[in-house]
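[1] Can you look at this prediction? I've put the sequence above it.
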Amino acid sequence: MSEDEAPSDENEESEAPPEEGTEASDAETPDEPENAEEESASDTETGDAEGEAAESEEENGDEATEDEGAENADETEQDETEGSDEDEAEQESADLPTEPLTEEALDERLDGAEAALEEAETESDLDDVSATLVSIGDDLEEADLPEPDEDDEDAEDPRERLEERLSDLQDDLESQRGPYSEDVIEGIEEAGTTIEETRWTGKGEGELAAPVEEFVEAENEVLGTDLTLEGEEPADLVTTLEAAAREVGDASLDPDEDAETIAALLEAVEDLQAGLDAAEEWDDLTTREKLAAHGFYDVLDHRKDYPPEWHAIKVYEKRGEPEPILLALEQFGSEFMERHCLESLTRMGAEEALDAMTQRAQKRDKAAIKALGKIGSDDPVEMLLEYAEADSDPKLQLVTLKALGEIGSEEATQGVADRLTSENPEVRSGAARSLGLLGDTRAIEPLSDVLEDDGSDTVRASAAWALNQIGTQEALDAVEPYADDRAFLVQSEAQKVA
């Protein structure tokens with residue numbers, strides 16, 4: 001056998017029997033594969049790798065937690081810093097001394113507002129100045145300003161002076177605003193109202209179309225509209241101006257950007273209003289011109305009386321035509337002519353004069369109340385009963401009581417009978433005669449009491465007269481016994497019964 005084939009010492013050692021004391025299990029353990037160590041090593045390496053990965057994840061988790069905690073801490077710290085900054089800012093602001101509301105400080109602020117107002121060019125600038133003035137006004141109300149010396153008549157009140165200065169600046173501010181398209185629209189509407197509500201003469205109506213047409217042409221040129229006159233009657237002219245106002249509103253003119261356009265329209269509106277003012281109104285005429293326009297003097301063949309209006313009134317009264325007299329009454333400013341008109345209307349007792357006399361009677365015009373009695377309408381009875389109770393004016397009571405009697409409404413009986421107890425004997429006498437004119441039999445008993453008991457013979461005579469006017473047998477029986485009365489006036493009335 002060659003040396004190569006000789007068994008190695010390692011083999012000999014591996015084949016040697018186990019030593020005594022060695023466990024059988026160790027001896028019986030099967031041979032492990034050669035790569036067992038490698039697998040073990042591999043498992044060990046895998047386990048180590050997994051452990052390292054787990055450790056890495058734990059480390060990453062810890063790092064993430066630490067990062068999140070750090071970020072939260074940073075945010076909290078930032079919030080605390082910001083909050084601290086705000087608190088510090090507020091504290092610093094609170095610690096800053098506020099400007100005292102003294103007269104000098106308010107004057108300085110007003111100086112600043114005045115300078116800003118002079119430099120203002122736009123509506124926004126003016127709004128800023130307005131806000132400043134409002135702020136100054138609020139502070140002025142709270143300011144504790146010294147009171148003027150009461151002993152010094154020439155001493156100036158600081159508050160009053162500052163308020164006046166503030167008010168002047170506010171007025172200057174408003175005058176500096178605009179112009180606005182609303183001003184144009186308002187001017188157009190005013191012109192339309194003037195045309196609609198003014199009483200024009202025939203000549204005046206013919207003079208209205210020209211200024212309206214000129215305005216329409218001016219607006220067409222400024223705004224590029226195509227307005228035309230709807231007609232030359234006052235109502236047509238008003239319609240035209242309404243359309244012109246709508247066009248201005250639709251143009252949406254800006255007070256800053258369209259200032260020149262608005263100014264041109266305002267100038268046209270002023271020309272329009274001036275043209276309307278120049279047209280002849282009814283009130284522009286003298287009284288005689290107004291009467292002549294209505295043909296008041298046409299009834300005069302000659303001027304017999306002076307003034308001629310008096311002569312005309314007489315003619316119209318004779319003809320039974322109250323309307324021209326009412327027209328003259330409306331126009332005359334002369335008390336002399338008014339008196340003659342009222343006297344004519346009273347004599348005529350024309351129903352056409354009821355409204356005019358009622359209006360005058362509402363002002364306690366005695367002549368008008370007298371005329372109402374002659375007209376005889378029940379309409380003013382309630383008003384006249386109030387005047388009959390006016391104890392402070394006996395003359396008003398007397399004319400009213402007579403008017404109520406002449407009207408003859410039994411609605412007035414009780415109110416008139418109540419005047420029989422007046423302290424004024426003239427009023428009692430007037431009430432008795434009014435009851436006689438009313439003719440209401442309910443007045444017989446109170447009139448009989450007056451005839452028997454009143455302390456004034458004049459009042460008793462009036463009661464006797466009233467009973468005769470009522471004329472029933474009961475009334476006449478109440479008068480007849482006084483035919484030999486001590487008072488001649490009462491005798492005279494009682495003897496009429498026989």
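    Cool, got the structure.
[2] The residue positioned nearest the centre of the chain: what secondary structure?
    Residue closest to the mean C-alpha point of the chain, counted by Cα atoms, centre = their mean, is E186 at 16.8 Å. State at E186, reduced to three classes by DSSP: H, G, I helix; E, B strand; the rest coil: helix.
[3] Tell me how far it lies from Q170.
    According to Cβ to Cβ, to the nearest Å, E186 and Q170 sit 21 Å apart. For every residue, glycine as well, the C-beta is placed using N, CA and C.
[4] And the residue nearest to the centre of the chain, what's its pLDDT?
    pLDDT for E186: 94.
[5] swap in T132?
    T132 carries a pLDDT value of 91.
[6] How about it, nearest residue that isn't a chain neighbour?
    Excluding its sequence neighbours, the residue lying closest to T132 (Cβ to Cβ, 6 or more residues apart in numbering) is A113, at 4.9 Å.
[7] ok now do the spatially closest residue to H294 that is not a sequence neighbour, which residues does it touch?
    The shortest distance from H294 to any residue other than its chain neighbours is 5.9 Å, reached at L327 (Cβ to Cβ, 6+ apart). By Cβ atoms under 8 Å, 6 or more residues apart in numbering, the contact list for L327 reads 291, 294, 296.
[8] do T400 as well
    369, 384, 387-388, 390.
[9] what do you get for G430?
    G430 neighbours (Cβ under 8 Å, 6+ apart): 397-398, 401-402, 419, 462.
[10] Same check on R360?
    367-368.
[11] pLDDT averaged over the strand or helix carrying it - what is it?
    Using DSSP states H and E, the element containing R360 is helix 354-361. For helix 354-361, the mean pLDDT works out to 95.
[12] isn't R159 right next to L140, touching?
    Yes: at 7.2 Å, R159 counts as touching L140 under the criterion of Cβ atoms under 8 Å.
[13] related to what we said a few turns ago, which one of the contacts of L327 is nearest D271?
    H294 (33.1 Å; Cβ to Cβ).
[14] List phi and psi for W200.
    Phi and psi for W200, reported as degrees, to the nearest 10, are phi -100, psi 150.
[15] ok, so what distance separates the residue nearest to it when sequence neighbours are not counted from G202?
    Leaving aside its chain neighbours, W200 sits nearest to E281 (5.9 Å; criterion: Cβ to Cβ, 6+ apart). Using Cβ to Cβ, E281 is found at 12 Å from G202.
[16] Which one's more surrounded, those two?
    Each of E281 and G202 has its neighbours counted (other Cβ atoms under 10 Å); E281 has more, 14 against 8.
[17] phi, psi of that one?
    phi -100, psi 160.
[18] Tell me if I'm right that it and K203 touch.
    No: contact between E281 and K203 fails when scored by Cβ under 8 Å: they sit 10.1 Å apart.
[19] If we ignore the residues flanking it in sequence, what's nearest G137?
    Per Cβ to Cβ, 6+ apart, closest to G137 is L166, 5.8 Å.
[20] ok, now how distant is the one you found from L133?
    For L166 relative to L133 (Cβ to Cβ), the value is 6 Å.
[21] So S181 is in contact with L253, correct?
    Yes: the criterion here is Cβ under 8 Å, and S181 meets it with L253 at 4.1 Å.
[22] So for these two, which residues contact both of them?
    I262.
[23] Looking at these two, which has the bigger crowd around it?
    Taking other Cβ under 10 Å, S181 and L253 do not tie; S181 has more neighbours (22 against 19).
[24] residue contacts, that one?
    S181 neighbours (Cβ under 8 Å, 6+ apart): 248-249, 251-253, 255, 258, 262, 265.
[25] Just put those in CSV and tack on distance to K496, secondary structure and pLDDT.
    Converted to CSV, the contacts of S181 look like this (distance: Cβ to Cβ, whole Å; DSSP: H, G, I helix; E, B strand; the rest coil; pLDDT from 0 to 100):
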residue, distance to K496, secondary structure, pLDDT
V248, 82, helix, 95
G249, 81, helix, 95
A251, 87, coil, 94
S252, 89, coil, 92
L253, 88, coil, 93
P255, 88, coil, 86
D258, 91, coil, 90
I262, 86, helix, 93
L265, 83, helix, 96
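[26] For D139, give me the pLDDT.
    So D139 comes in at 89 (pLDDT).
[27] err, E28, not the other one
    Looking at E28, its pLDDT stands at 43.
[28] cool, the one 3 residues further on as well?
    Model confidence at D31, expressed as pLDDT, equals 46.
[29] what does E426 give?
    On pLDDT, E426 comes in at 96.
[30] Kindly list the main-chain dihedrals of it?
    phi -70, psi -40.
[31] Quick one: the helices in the stretch 351-498 of the chain, in order.
    354-361, 366-375, 381-388, 394-407, 413-417, 425-438, 444-453, 457-470, 473-479, 488-495 (DSSP state H, counting those that start in this stretch).
[32] Contacts for the second one next, please.
    With Cβ under 8 Å, 6+ apart as the contact definition, helix 366-375 has outside contacts at 339, 342-343, 345-351, 353-354, 356-361, 380, 384, 387, 395-396, 399-400, 402-407.
[33] how far is that helix from where the chain is centred?
    Here helix 366-375 is found 41 Å from its chain centre; the criterion is Cα atoms, centre = their mean, to the nearest Å.
[34] same deal with the fifth one?
    Relative to the mean C-alpha coordinate of its chain, helix 413-417 is positioned 46 Å out (Cα atoms, centre = their mean).
[35] Over to the first one?
    Taking Cα atoms, centre = their mean, the mean C-alpha location of helix 354-361 is offset from the chain mean by 33 Å.
[36] Tell me where the stretch 151-300 of the chain has helices.
    158-176, 181-197, 202-206, 209-223, 234-250, 259-278, 287-293.
[37] As CSV, those helices with distance to A487 would be great.
    Conversion of those to CSV gives the following (distance: least, Cβ to Cβ, whole Å):
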stretch, distance to A487
helix 158-176, 74
helix 181-197, 63
helix 202-206, 66
helix 209-223, 77
helix 234-250, 69
helix 259-278, 70
helix 287-293, 52
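[38] The ones you listed: which one's closest to T102?
    Per Cβ to Cβ, nearest to T102 of these: helix 158-176, 9.3 Å.
[39] What are the buried residues along the closest one?
    By 16 or more other Cβ atoms under 10 Å, the buried positions in helix 158-176 come out as 158-159, 162, 165-166, 169-170, 173.
[40] And stretch 333-352, by the same measure?
    By 16+ other Cβ under 10 Å, the buried positions in stretch 333-352 come out as 337-338, 340-342, 344-346, 348-350.
[41] and F215, how far is that from L437?
    When distance is defined by Cβ to Cβ, F215 is 63 Å away from L437.
[42] Compare these two and say which is more crowded by neighbours.
    More crowded of F215 and L437, by other Cβ under 10 Å: F215, with 26 against 21.
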